[in-house]
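J.: Next input, structure requested:
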Amino acid sequence: MRIFVFLIFLLPVFGAERPNVILFVTDDQSPVAGCYGNSVIKSPNLDALAKEGTIFTQAFATTASCSASRSVILSGLHNHFNGQYGHTHHFHKFESFASMRAFALPQLMAQAGYRTVQIGKLHVAPESVFHFDEYLKGNARNAVQMAEVCRPVFENQSEKPFFLYFATSDPHRGGGFDKTFAGEHKPDRFGNLPDKKAYPGVEEVFYDPANVIVPGFLPDTPESRAEIANYYQSCSRIDQGLGRLVELLKKNGKWDNTVIIYTADHGMAFPGAKTTVYEAGLRVPFVVRHPGVKKKGVTSEAMLSHTDITPTILDLAGALNEKKTAPEKPLPFEKGGVGENTGKAPKKYHGRSWLPILTEVKPKGWDEISASHTFHEIQMYYPMRVIRDRKYKLIWNIAHRQPYPFASDLWVAATWQAQWSKGKDADYGGRTVDSYINRPEFEFFDVASDPNESRNLAGDPAYAVVLARYKERLKAEQRRTGDPWIMKWEYE
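T.: Model (predicted):
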């Protein structure tokens, strides 16, 4: 009945026509925006998009690592199953199995009759799995310029709808350090140009470190504030790109038949967020504007996962078999030769379409997510698995006997180094430096009353029964999603 009512909403706008789809993915962005309650950062275009559609306040990445996360976004399958265990670039060389072509989004959209276009950061492999019809070149640090490059896509009068994967490199760390900072540990610029210069077409927004909001997982230090201010600036640059994209859609008559999905690959690039499965690493912005839905300005509490993106977009394209939670027509793939691992052919998506609940504030049955992290860079083996609902969150640190490994850019981060230099007992966002590096096998949090994950209940006898129950739920999720690391329960 819910699906039927939802389709009635769509008929007056689209009829038999399918919408264009833009999947807008930023790099290392937490839900820090005006529409998410931050009164300091300037994000007028994302705020406007939220008023036009649905903002999800409980959206989660499955892993806070770039390539691994993007493989999930574009396949609907956890990375422990699809084979993209970590980064694909340079010497890391992780890539998805050839069999993932059967379920991967880009070529399924092409099969469904869409023009598929990619611009900005892709960061997944192989191309045979994640192939797009057209690749546009743009400066991924300048979303305004990226939007301008996409102008021909919107001007094209083809009868085919388009699927545009628009992925920025902002607000990822990079671009050097701010050497004007008075302290010893210089803050990262987060892609911002030095000396308050601006990218072409961008009106840079600068922030006073004294005014930023320091999240609970970070120490409130000058280094942290300086890096947050730079992060805010990078996010505001993205927002202007979103605004230009909307402007071009309207100018070319595409606004009224284009769905925009805005999210990030994972949380902000700070120790305690990126590469962890803590809340700050997994929570992402998630705003959907669907012109075929009459109800606007919805704030949904549904717990969404990145595994839900691919099946939802296929649902928009009319290419999802809802009963099987699989493509209507899975694509063929080439099997490997002797000694090559093609991977197991997927049978169902690990996620599902959220189209039927797009206008619901508290939909039933959307109350649990799971997460799976194994690598970031190849030298960072630290598998973690998560089951989380609205009350509790269980983290299984499978390699807990070894120190937690750092991403290279997070290790040198001024926010971390300033505390590291103070010794192992120094505060780091409610934890100590030592406890951040040396973690127990299980971390169990009452996230309903302890959203900052400050009190580990795993060793509390009062929670022994409920902890055992969540362990079994985690095992069941590993079985459901084909996680090879499930065997670690038996021999380690």
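J.: Gln240 against Ala143, yeah?
T.: Yes: counting by CB atoms under 8 Å, Gln240 touches Ala143, with 6.8 Å between them. Yep, even glycine has a C-beta here, placed from its N, CA and C like the rest.
J.: what about those two, which has more around it?
T.: Ala143 (31 against 23; other CB atoms under 10 Å).
J.: And the more buried one, what's its pLDDT?
T.: pLDDT for Ala143: 98.
J.: out of everything not next to it in sequence, what's closest to it?
T.: For Ala143, ignoring the flanking residues on the chain, the nearest one in space by CB to CB, 6 or more residues apart in numbering is Gly241 at 2.1 Å.
J.: my guess is the one you found meets Thr168, correct?
T.: Yes: here Gly241 reaches Thr168: they are 6.9 Å apart, a contact under CB under 8 Å.
J.: which residues do these two both contact?
T.: By the contact definition CB atoms under 8 Å, 6 or more residues apart in numbering, Gly241 and Thr168 are jointly contacted by Ala143, Met146.
J.: The nearest residue to Glu155 once chain neighbours are set aside: neighbour count?
T.: Leaving aside its sequence neighbours, Glu155 sits nearest to Asn252 (CB to CB, 6+ apart; 5.5 Å). Look at Asn252: counted by other CB under 10 Å, it has 16 neighbours.
J.: Likewise for the one 4 residues further on?
T.: Taking other CB under 10 Å as the neighbour definition, Asp256 ends up with a count of 12.
J.: ditto for Thr325
T.: Thr325: 16 neighbours (other CB under 10 Å).
J.: and it, what does it touch?
T.: For Thr325, the contacting residues are Pro311, Lys348, Tyr349, Arg352, by CB under 8 Å, 6+ apart.
J.: Surely the third one and Thr310 touch.
T.: Put plainly, it is Tyr349. Yes: using CB under 8 Å as the test, Tyr349 is close enough to Thr310 to be in contact (6.5 Å).
J.: Of the two, which one has the most company?
T.: Between Tyr349 and Thr310, Thr310 has the larger neighbour count (other CB under 10 Å), namely 28 against 24.
J.: What separation is there between the residue nearest to that one when sequence neighbours are not counted and Ala98?
T.: Leaving aside its chain neighbours, Thr310 sits nearest to Gly76 (3.4 Å; criterion: CB to CB, 6+ apart). Look at Gly76 and Ala98: by CB to CB, to the nearest Å, they are 17 Å apart.
J.: who's more crowded, these two?
T.: Between Gly76 and Ala98, counting by other CB under 10 Å, Gly76 is the more crowded of the two (33 against 20).
J.: so where is the stretch 1-150 of the chain shaky, pLDDT-wise?
T.: Low-confidence segments of the stretch 1-150 of the chain (pLDDT under 70): 1-16.
J.: Show me where it has its strands.
T.: With DSSP state E, counting those that start in this stretch as the criterion, the stretch 1-150 of the chain has strands at 20-26, 54-60, 115-120, 134-136.
J.: The last one pairs with which strands, and in what direction?
T.: Strands adjacent to strand 134-136 in the sheet, as given by DSSP bridges, are strand 115-120 (parallel).
J.: Show me what the partner strand is in contact with.
T.: Here strand 115-120 makes contact (CB under 8 Å, 6+ apart) with 106-107, 109-110, 132-138, 140, 146, 149-150, 153, 156, 158, 160-169.
J.: Dump the strands of the stretch 1-150 of the chain to a markdown table, plus distance to Ile41 and mean neighbour count.
T.: Formatted as a markdown table, the strands of the stretch 1-150 of the chain follow (distance: least, CB to CB, whole Å; neighbours: other CB atoms under 10 Å):
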| stretch | distance to Ile41 | mean neighbour count |
| --- | --- | --- |
| strand 20-26 | 13 | 24 |
| strand 54-60 | 15 | 23 |
| strand 115-120 | 21 | 22 |
| strand 134-136 | 28 | 14 |
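J.: Reformat the ones you listed as CSV; add distance to Arg390.
T.: CSV is the format used below for the strands of the stretch 1-150 of the chain (distance: least, CB to CB, whole Å):
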stretch, distance to Arg390
strand 20-26, 26
strand 54-60, 8
strand 115-120, 34
strand 134-136, 40
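J.: Of the ones you listed, which is nearest Pro330?
T.: Across the strands of the stretch 1-150 of the chain, Pro330 has its closest neighbour in strand 115-120 (17.0 Å, CB to CB).
J.: Report the distance from the closest one to the chain centre.
T.: With CA atoms, centre = their mean, to the nearest Å as the basis, strand 115-120 stands 18 Å off its chain's centre.
J.: With stretch 260-270 instead?
T.: That offset, for stretch 260-270, works out to 4 Å (CA atoms, centre = their mean).
J.: Stretch 410-424 too?
T.: 26 Å.
J.: So which bits of it are buried?
T.: Neighbour-count burial for stretch 410-424, counted by 16 or more other CB atoms under 10 Å, picks out Leu410, Ala413, Ala414, Thr415, Trp416, Gln417, Ala418, Gln419, Trp420.
J.: what's the farthest-apart pair in those?
T.: Spatial extent of those (CB to CB) is set by the pair Leu410 and Ala418 at 13.2 Å.
J.: if we can go back for a sec, would you write a ChimeraX line that selects the buried entries of the contacts of strand 115-120?
T.: Here is the ChimeraX command that selects the buried residues among the contacts of strand 115-120 (16+ other CB under 10 Å):
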select :106,107,109,110,132,133,136,138,140,146,149,150,153,161,162,163,164,165,166,167,168,169
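J.: Now the terminal residues of stretch 48-63, how far apart.
T.: Stretch 48-63 stretches 28 Å from its first residue to its last (CA to CA, to the nearest Å).
J.: Surely Lys196 and Phe206 touch.
T.: Yes: between Lys196 and Phe206 there is a contact at 6.4 Å, judged by CB under 8 Å.
J.: how many neighbours does Glu441 have?
T.: By other CB under 10 Å, the residues close to Glu441 number 13.
J.: mind listing what it touches?
T.: Applying CB under 8 Å, 6+ apart to Glu441 gives the contacts Trp396, Asn397, His400, Ala458.
J.: got JSON lines for the residues you listed, with secondary structure and neighbour count too?
T.: Converted to JSON lines, those look like this (DSSP: H, G, I helix; E, B strand; the rest coil; neighbours: other CB atoms under 10 Å):
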{"residue": "Trp396", "secondary structure": "strand", "neighbour count": "24"}
{"residue": "Asn397", "secondary structure": "strand", "neighbour count": "18"}
{"residue": "His400", "secondary structure": "coil", "neighbour count": "18"}
{"residue": "Ala458", "secondary structure": "coil", "neighbour count": "18"}
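J.: Turn those into a markdown table, including pLDDT and distance to Ile260.
T.: Converted to a markdown table, the contacts of Glu441 look like this (pLDDT from 0 to 100; distance: CB to CB, whole Å):
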| residue | pLDDT | distance to Ile260 |
| --- | --- | --- |
| Trp396 | 98 | 36 |
| Asn397 | 98 | 37 |
| His400 | 97 | 41 |
| Ala458 | 98 | 41 |
